[in-house]
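1. Here is the input, now give the coordinates:
(4 chains)
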Protein chains: 2
Amino acid sequence: MKLSRQLPVTRYDSAMPETLEPDEWNFWDTWMRAQRLLVRELDRALQRDHGISKAEFSVLVTLSRASGGEMRVGELVDSLEWEKSRVSHQLTRMENRGFVARTEGGPSGRRTRIGLTAQGRRVVQDAVRGHAGNIRRYFFDSLTQEQAATIREWSEHLITRIDPPSDNPTP
Amino acid sequence: MKLSRQLPVTRYDSAMPETLEPDEWNFWDTWMRAQRLLVRELDRALQRDHGISKAEFSVLVTLSRASGGEMRVGELVDSLEWEKSRVSHQLTRMENRGFVARTEGGPSGRRTRIGLTAQGRRVVQDAVRGHAGNIRRYFFDSLTQEQAATIREWSEHLITRIDPPSDNPTP
DNA sequence: GACCTAAAGTTGATGCATCAACTTCAGTGG
DNA sequence: CCACTGAAGTTGATGCATCAACTTTAGGTC
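-> Numbering: from 1, shown residues only, chains lettered A, B, ... in the order given. Predicted coordinates:
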C-alpha cells in the first residue's frame, strides 16, 4: 500500500512520476520554510548574543572538545565534514578575530596545529550554553515525544540512504 | 508523561534546562546532518544537471509562475521572502548570465520590471522537472505516509511558532 | 510647479561556501 | 644523497547571503 490519495487521474508512466502534485509542492515548501526559519533563528541568536557565526561556533565547539583544545587541520576537516579549503579559510578569519591560533606543534617541531585562544575558549563556553537553550526552545520544545521519535528515525534513515556509512573494515 | 528515559539524575533547576543531554545533542546532530545532506544533494543535482544554483532556480521558478513571466523587484522580494538587496544582487548575476532581463515596463514607460529571457524560460522548464524528480526520490520516497503526516504537522506548527502569520486585517 | 518624504532599488563591504590550482613537506626508492 | 610522489595545507576566484549606506523616483502638500 503506497499512496492512498485519490487524485484526478494524472498520467503517470507508472514508472517515474517526474513531477510533484500541488499538494506535494506545498508540503515541500512548508517543510523547507520551517527549516529555514529554525536555522535562521539559531544563527541570529548566536550572532546577537555571542557575536559569532554558526561556522565559527562549529569550529570552536569542535576544538573545545578536543583534548588540549588542539587539532590538526585534517582532523577538523574529518570532524566537521567540511572541505579542507573551507576549513583553512575559516581558520584564517578566526585567527584574525583572535579565536584560534595556528601553532607549531609536534615533537620534531614541525606540522601545524590549531589551538583555541583564551578568548576562543571563553566565547565558546558561553555560546554552547546559549545555543543549547535555543535548541531546546525552538526544536525540542516544539516536538512531542512521538514526533521526536518519528523524526529521529527518519533522519537516520535518510542519512544511511544518502550517505551510507562506508563498510570499509579497517582499510 | 513526559520523559520515559531514565538517566543518571541530572540536576535540573526544574525551570530552565539551559543544556542538552548527550542523547539530545546526538539527536540534534543527526537531524541537522540529514538536512544538510538532503539539501546538498538537491543543490548538486541542480548544478550538475542544469547548471544553475538553488538561488537561481528559486528566482526562475518564481518568475515563471508570474503572468507573462514578469515581476517587479518588490514582488520578488515578497514572494521569495528574501531581502531586497539579496534579490538585486542575484538579479545582477542572473542578468549577466542571460537568464533574466531588467526591462522598462508600465504604461508611462517607467519603473523597472524583471522578465525571463528565452533562455531562462528554457532552463527553468527542464530544471523544474528534474528537481521535482529529485525531491520525490530523496524526500518523498524516504517517507512513509505516517512520517509524512507527522513531519508536515510539525513543520506547520514550527512556522506558526517562529513566524506567526501576522494578524493584521488589512492594516 | 517646487519641495519634501518615503518607498523602491542599487551598491559596497564582508563573511560564508565551493572549486581549481598551487605550495610545501614527509616519506620512499634509486 | 637526490629525485619523485602524494598527502596536507593554502591561496585565488567566484557566487551566495547579509548589513548598512546610498540614489532615484513616486506621490503628496503647499
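
2. helices and strands of chain A: which one has the lowest mean pLDDT?
-> strand A:100-104 (a mean of 89; mean pLDDT, DSSP states H and E).

3. mind listing the strands for chain A?
-> Secondary structure of chain A (DSSP state E): strands at A:70-71, A:100-104, A:112-116.

4. Show me what the shortest one pairs with in its sheet, parallel or antiparallel.
-> Read that as strand A:70-71. Strand pairing for strand A:70-71, determined by DSSP bridges: strand A:112-116 (antiparallel).

5. ok so, going back, out of the strands of chain A, which comes closest to residue B:95?
-> Distance to residue B:95, taken as CB to CB, is lowest for strand A:100-104 among those, at 39.6 Å. C-beta: built from backbone N, CA, C; applies to glycine.

6. Determine the set of other helices and strands touching that closest one.
-> The contact analysis (3 or more CB pairs under 8 Å, 6 or more residues apart in numbering or on different chains; DSSP states H and E) places strand A:100-104 against helix A:54-65, helix A:84-97, strand A:112-116.

7. between the ones you listed, which one is nearest to DNA strand D?
-> Judged by CB to the nearest atom of the strand, the one of the helices and strands packed on strand A:100-104 that comes nearest to DNA strand D is helix A:84-97, at 3.0 Å.

8. Need the single longest helix in chain A, by residues.
-> In chain A, taking DSSP state H as the definition, the longest helix is helix A:22-50.

9. so does it get close to chain B?
-> Yes: interface with chain B: helix A:22-50 contributes A:24, A:27-28, A:30-31, A:33-35, A:37-38, A:41 (CB under 8 Å from any CB of the partner chain).

10. Would you mark the buried spots in that helix?
-> Residues A:24, A:27-28, A:30-35, A:37-38, A:41-42, A:45-46, A:50 are the ones in helix A:22-50 that count as buried (16 or more other CB atoms under 10 Å in any protein chain shown).

11. what inclination does it have with respect to helix B:22-50?
-> With axes from the mean of the first three to the mean of the last three CA atoms, to 10 degrees defining the directions, helix A:22-50 sits at 120 degrees from helix B:22-50.

12. any idea of the mean pLDDT in helix A:22-50?
-> For helix A:22-50, the mean per-residue pLDDT is 93.

13. For chain A, which residues score under the pLDDT cut-off?
-> For chain A, applying pLDDT under 70 flags the ranges A:1-17, A:105-111, A:166-171.

14. near DNA strand D, which residues of chain A?
-> Proximity of chain A to DNA strand D (CB under 7 Å from any atom of the strand) is limited to residues A:40, A:44, A:72-74, A:77, A:84-85, A:87-89, A:91-92, A:102, A:111-112.

15. now these: which count as buried?
-> Listed as buried from those are A:73, A:77, A:87, A:91; burial here means 16+ other CB under 10 Å.

16. Report whether the longest helix of chain A contacts DNA strand C.
-> No: shown here: helix A:22-50 not in contact with DNA strand C (CB under 7 Å from any atom of the strand), separated by at least 9.3 Å.

17. Quick one: distance of that helix to the chain centre.
-> Here the centre of helix A:22-50 is set off from its chain's centre by 14 Å, with CA atoms, centre = their mean, to the nearest Å.

18. what do you get for stretch A:138-154?
-> How far stretch A:138-154 lies from its chain's middle: 17 Å, per CA atoms, centre = their mean.

19. And stretch A:155-169, by the same measure?
-> Relative to its parent chain, stretch A:155-169 has a centroid offset of 16 Å by CA atoms, centre = their mean.

20. try stretch A:133-147
-> Its chain's average C-alpha position is 17 Å from that of stretch A:133-147, according to CA atoms, centre = their mean.

21. And stretch A:117-127, by the same measure?
-> Distance, centroid of stretch A:117-127 to centroid of chain: 20 Å (CA atoms, centre = their mean).

22. one step back: from the buried ones among the residues of chain A next to DNA strand D, which is closest to residue B:163?
-> Checking those against residue B:163 by CB to CB gives residue A:87 as the nearest, at 32.9 Å.

23. Tell me which residues of stretch A:141-153 come out buried.
-> Applying a neighbour-count criterion of 16+ other CB under 10 Å, one finds A:142-143, A:148, A:150-152 buried in stretch A:141-153.

24. I should have written stretch A:113-123 there, sorry.
-> Buried, per 16+ other CB under 10 Å, within stretch A:113-123: A:113-117, A:120, A:123.

25. export the residues of helix A:22-50 next to chain B to a markdown table and tack on distance to residue A:97?
-> Formatted as a markdown table, the residues of helix A:22-50 next to chain B follow (distance: CB to CB, whole Å):
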| residue | distance to residue A:97 |
| --- | --- |
| A:24 | 44 |
| A:27 | 41 |
| A:28 | 38 |
| A:30 | 37 |
| A:31 | 35 |
| A:33 | 32 |
| A:34 | 32 |
| A:35 | 28 |
| A:37 | 28 |
| A:38 | 26 |
| A:41 | 23 |
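
26. Just the closest of those residues to DNA strand C, please.
-> For the residues of helix A:22-50 next to chain B, the nearest to DNA strand C is residue A:35 (14.1 Å; CB to the nearest atom of the strand).

27. what's the distance between the closest one and residue B:36?
-> According to CB to CB, to the nearest Å, residue A:35 stands 10 Å off from residue B:36.
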